[in-house]
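structure, please.
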Amino acid sequence: MAVTLTINGKRRTFDVPPEMPLLWLLRDVAQLTGTKFGCAAGLCGACSVLVDGVRMFGCQTPAGDAQGKSITTIEGLAEQPLGKALMTAWNEVDVVQCGYCQPGQIIAAAALLKDNAKPDDNAIDAGMSGNICRCGTYPRIRTAIRRAAAIHAGEKA
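Residues are numbered from 1 along each chain as shown. Okay, here's the model as predicted:
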């Protein structure tokens, strides 16, 4: 069976069953390995991608359910102004410790900032809920989100 998806702005057709998890299509078939495998149960957020701008867990989303929708992975987000602001902030704040969860964290932060350009701490905590960092970099993630919001808005540091 064929599944046709728009991934990072490019329409592509894959010969996979529609029930294949989007995570495995992205990583194993499309070779977009920035999206990470974590728990396979939708509990950790490492597999986060944007589907029509909404954060979804790739391990829990059948590829067929994403047909006709726009999928953005960490690779595609890196090319967008908001993604660039997030990655700049992540580097400035030195968020990364082991780094494994960070693509999913950045995807979740992008979804948050698309809905709320100036989130307070409560909004950040709610928006990032479902993304786990085993290294415990949550305070730096929160700081980086506030910094990315300022960068994206064109504010001075």
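
quick one: the residue nearest to the spatial centre of the chain and Lys114, what's the gap?
For the chain, Ile107 is the residue whose C-alpha lies nearest the centre (CA atoms, centre = their mean; 2.1 Å). Ile107 sits 11 Å away from Lys114, going by CB to CB, to the nearest Å. In short, each C-beta sits where N, CA and C put it, glycine included.

please enumerate the strands of this protein.
Secondary structure of the chain, counting by DSSP state E: strands at 2-7, 10-15, 48-51, 54-57, 70-72.

low-confidence ranges in the protein?
Scanning the chain for pLDDT under 70 picks out the ranges 156-157.

check the offset of the lengthiest helix in the chain from the chain's centre.
The longest helix of the chain (DSSP state H) is helix 138-153. Chain-centre distance of helix 138-153: 15 Å, with CA atoms, centre = their mean, to the nearest Å.

also stretch 100-111?
Counting by CA atoms, centre = their mean, stretch 100-111 comes out at 4 Å from the chain centroid.

residues in contact with that stretch?
Contacting residues not belonging to stretch 100-111 are listed as 34-36, 38, 44-50, 53-55, 72-74, 77, 82-83, 86-87, 90, 95-96, 127-128, 130-135, 141, 144-145, 148 [CB atoms under 8 Å, 6 or more residues apart in numbering].
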